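S.K.: The following block contains a protein sequence and its predicted model.
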There are 2 protein chains.
Amino acid sequence: MIIYFGMQSAQLNKEFNKKSRCSECNIRPYSFCRCLQEENLKEFSNISSDKKFQDKANIFLQQDDAKNIYNITEGNVKIYQLIDDGRIQIIGFLYPGDFFGSYKNGKYNYCAEAIGDVRVCVFEQKKLDEYIDKNMVLAKELLNQTSHELTLAQDRMGVLGKLDATERLAKFLMNISEQRKRIGWQNNPISLPMIRQDIADYLGLTIETVSREVSKLKTSNIVKVLSSKQIYINDFNKLSNLSK
Amino acid sequence: MIIYFGMQSAQLNKEFNKKSRCSECNIRPYSFCRCLQEENLKEFSNISSDKKFQDKANIFLQQDDAKNIYNITEGNVKIYQLIDDGRIQIIGFLYPGDFFGSYKNGKYNYCAEAIGDVRVCVFEQKKLDEYIDKNMVLAKELLNQTSHELTLAQDRMGVLGKLDATERLAKFLMNISEQRKRIGWQNNPISLPMIRQDIADYLGLTIETVSREVSKLKTSNIVKVLSSKQIYINDFNKLSNLSK
DNA sequence: GGAAATGTTTGATCTAAATCAAAAACAATT
DNA sequence: AATTGTTTTTGATTTAGATCAAACATTTCC
């Protein structure tokens, strides 16, 4: 910051007190940044940058050199692996507060694509790593969050390996509802940011099976389909029982 | 350590130089402990303890209060989730150098059971956490390892969600072979510590399908089945191609 | 507002893997 | 070595969900 001689006192004050991006970030309580103290936010803002992506934009591809960690501040991101011929496995649908990318050099383990308009904070691995050395509370927070991500990934093995189509869809809807609640959004009705094909590729099913399972839930009055992407859950208990 | 008055000088010296368990551990280069310096090993030995389990012994159950982190020094461990009625999803087969359990209080995310005779180092969460505060290199190592575990878990979603039975078994055999190589064991023939039922529960298949797929690999001369748990891979290229 | 493109639903048929069944191989115990 | 229990293999049948096909709904864009 450069302070010119003759600057007005009020103006000067304003410069000093200028809010950093992080200090004004309203998703921070739900993100790994929540471990930081107020006084560290200014510095932390400086090691990251704000970036926007529009619907269907690739944030990175699996074969790209892994350079960054991304933290979502607005919108949804899908991360997915391409098997070979064109088979897709969607790893996850991410929400504000979720982070993705890689700490390690090398390749990313998945592709990342914006669903709708997305805003992220981008951290270079190197800078984040340097910051961690200075503020170890962040290392512990990242360890806790990554460890929690791992338990979620393990839970998904059970879904993909052992649940039938009905159970998978029920669990999916429950999970979305809980995710929304976690970040302070209404948990009912739920808005599905992704299309049916994405749900299918996430659950290891086909689009037709997903559609049929939604219809079954509708017929049995467990959900009301307000529109294809707006689902009202009439009976959380029944849905939860179906989801195992 | 109690030093009695009148102790001989040679004896005294021996006490001081006594090797710690960690310093004599030969799996350390393959485990998260590899990040520690020689001079820290004695202290690190003191915050963990050695424990043995025999075949089929439960190390912990999913509903147990999560208190420990375990590090395998000998043998194999299977970690698995029980869905409800009795459906089982095996999350992973662990090898010497792998760790499991939980840093966080709460419940474990899976059950852990010994396959054959097993030796582990047990760390109490609290003690490990205190140690991390003193030696931050361990936090970074755990973050890197957990982050790597997460990528493996994500890869498994593709296997369970998108691969057919032939591809699943081929990938499984390749993975075992690579895992063995990683820790300096011969990568061919491979020894499978687990029974067919476990392979089925790991791959989201039935025992019959696993058996049939093994037979197909045998018939097509890609592997030789020395015994049901000893597999010689005749053609790594073909097996790798099958595994996608 | 209408055409084109994209996404969703429903029906008919097919198939990979599950289930059911039984024999064979192997290991453990007396 | 015979008995018992466990694990694996192979065959016959069934089935959940995939694939194929077509209509229907919704969004996008001149």
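M.R.: Alright, I've got the coordinates. All values derive from a computational prediction rather than experimental measurement.
S.K.: what are the ranges of the helices in chain A?
M.R.: A:9-17, A:41-46, A:125-134, A:136-162, A:165-182, A:196-203, A:207-219, A:236-242 (DSSP state H).
S.K.: any chance of the ones you listed in a markdown table, plus distance to DNA strand D?
M.R.: Heads up, the C-betas are built off the backbone N, CA and C, glycines and all. What follows is the helices of chain A, written out as a markdown table (distance: least, CB to the nearest atom of the strand, whole Å):
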| stretch | distance to DNA strand D |
| --- | --- |
| helix A:9-17 | 41 |
| helix A:41-46 | 34 |
| helix A:125-134 | 35 |
| helix A:136-162 | 10 |
| helix A:165-182 | 4 |
| helix A:196-203 | 7 |
| helix A:207-219 | 3 |
| helix A:236-242 | 12 |
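S.K.: Buried ones in stretch A:85-97, by neighbour count?
M.R.: Going by neighbour count (16 or more other CB atoms under 10 Å in any protein chain shown), the buried part of stretch A:85-97 is A:I88, A:Q89, A:I90, A:I91, A:G92, A:F93, A:L94, A:Y95, A:P96, A:G97.
S.K.: hang on, I meant stretch A:41-54
M.R.: Applying 16+ other CB under 10 Å to stretch A:41-54 flags A:L41, A:F44, A:S45, A:S48, A:F53 as buried.
S.K.: What is the end-to-end distance of that stretch?
M.R.: Criterion CA to CA, to the nearest Å; first-to-last residue distance in stretch A:41-54 is 27 Å.
S.K.: quick one: average pLDDT of that stretch?
M.R.: Computed over stretch A:41-54, the mean pLDDT rounds to 95.
S.K.: is any part of it close to DNA strand C?
M.R.: No: if you take CB under 7 Å from any atom of the strand as the test, stretch A:41-54 misses DNA strand C, and the best it gets is 14.0 Å.
S.K.: And for stretch A:155-171?
M.R.: No: using CB under 7 Å from any atom of the strand, stretch A:155-171 stays clear of DNA strand C, with a minimum separation of 9.0 Å.
S.K.: what about that stretch, near chain B?
M.R.: Yes: using CB under 8 Å from any CB of the partner chain, stretch A:155-171 reaches chain B at A:D155, A:R156, A:M157, A:G158, A:L160, A:G161, A:K162, A:L163.
S.K.: same thing with stretch A:174-185?
M.R.: No: Stretch A:174-185 lies out of reach of chain B by CB under 8 Å from any CB, never closer than 14.3 Å.
S.K.: near DNA strand C, which residues of chain A?
M.R.: A:195-197, A:207-208, A:210-212, A:214-215, A:225, A:228-229.
S.K.: Quick check: of the residues you listed, which has the highest neighbour count?
M.R.: Tallying neighbours with other CB atoms under 10 Å in any protein chain shown puts A:V210 at the head of the residues of chain A next to DNA strand C, with 23 neighbours.
S.K.: Is it in contact with A:L203, as I believe?
M.R.: Yes: using CB atoms under 8 Å, A:V210 is in contact with A:L203, at 6.9 Å.
S.K.: Get me the contact residues on chain A for chain B.
M.R.: A:81, A:83-84, A:87-89, A:91, A:102-104, A:109-110, A:132-133, A:136, A:139-140, A:142-144, A:146-151, A:153-158, A:160-163, A:201, A:203-204, A:244.
S.K.: 6 Å instead?
M.R.: Contacts of chain A with chain B, taken as CB under 6 Å from any CB of the partner chain, map to A:81, A:83-84, A:87, A:89, A:91, A:103, A:109, A:136, A:139-140, A:142-143, A:146-147, A:149-151, A:153-154, A:156-158, A:160-162, A:204, A:244.
S.K.: What subset of those is buried?
M.R.: Among these, those buried by neighbour count (16+ other CB under 10 Å) are A:81, A:89, A:91, A:103, A:109, A:139-140, A:142-143, A:146-147, A:149-151, A:153-154, A:156-158, A:160-162, A:204, A:244.
S.K.: Show me the shaky parts of chain A.
M.R.: A:1-18 (pLDDT under 70).
S.K.: Can you spell out the domain ranges of it, please?
M.R.: For chain A, automatic domain parsing gives the domain ranges A:47-159, A:164-242.
S.K.: What separation is there between the residue lying closest to A:Y131 once chain neighbours are set aside and A:L94?
M.R.: Using CB to CB, 6 or more residues apart in numbering or on different chains and skipping the chain neighbours, the partner closest in space to A:Y131 is A:I47 (5.6 Å). In this view, A:I47 and A:L94 are 21 Å apart by CB to CB, to the nearest Å.
S.K.: Next: A:E124.
M.R.: Distance of A:E124 to A:L94, computed by CB to CB: 20 Å.
S.K.: again, but for A:G106
M.R.: 21 Å.
S.K.: try A:E178
M.R.: Counting by CB to CB - A:E178 and A:L94 are separated by 15 Å.
S.K.: for A:Q54, same thing?
M.R.: Distance of A:Q54 to A:L94, given as CB to CB: 16 Å.
S.K.: just A:S220 next, same as before
M.R.: A:S220 sits 31 Å away from A:L94, taking CB to CB as the criterion.
S.K.: One more: A:F100?
M.R.: Relative to A:L94, A:F100 is positioned 6 Å away (CB to CB).
S.K.: What of A:F236?
M.R.: Distance of A:F236 to A:L94, computed by CB to CB: 24 Å.
S.K.: How about A:R212?
M.R.: Using CB to CB, A:R212 is found at 27 Å from A:L94.
S.K.: who's in contact with A:L41?
M.R.: A:S20, A:C22, A:S23 (CB atoms under 6 Å, 6 or more residues apart in numbering or on different chains).
S.K.: A:R168: which of the residues you listed is nearest?
M.R.: Nearest to A:R168 among these, counting by CB to CB, is A:C22 at 37.8 Å.
S.K.: Wait, that closest one touches A:F44, no?
M.R.: Yes: using CB atoms under 6 Å, A:C22 is in contact with A:F44, at 5.2 Å.
S.K.: what is in contact with the two at once?
M.R.: Counting by CB under 6 Å, 6+ apart, nothing touches both A:C22 and A:F44.
S.K.: Please report how far the spatially most central residue of chain A lies from DNA strand D.
M.R.: In chain A, the residue lying closest to the centroid (CA atoms, centre = their mean) is A:L94, at 2.4 Å. A:L94 is 21 Å from DNA strand D, where distance means CB to the nearest atom of the strand, to the nearest Å.
S.K.: Surely that residue and A:V77 touch.
M.R.: Yes: if you go by CB under 6 Å, A:L94 and A:V77 touch, sitting 4.4 Å apart.
S.K.: So for B:P29, which of the helices of chain A sits nearest?
M.R.: helix A:136-162 (21.9 Å).
S.K.: any idea of the angle the closest one forms with helix A:165-182?
M.R.: If you take axes from the mean of the first three to the mean of the last three CA atoms, to 10 degrees, helix A:136-162 sits at 160 degrees to helix A:165-182.
S.K.: What helices and strands are in contact with helix A:136-162?
M.R.: strand B:88-94, helix B:136-162 (3 or more CB pairs under 6 Å, 6 or more residues apart in numbering or on different chains; DSSP states H and E).
S.K.: could I get these as a markdown table with distance to B:N58?
M.R.: A markdown table is the format used below for these (distance: least, CB to CB, whole Å):
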| stretch | distance to B:N58 |
| --- | --- |
| strand B:88-94 | 14 |
| helix B:136-162 | 22 |
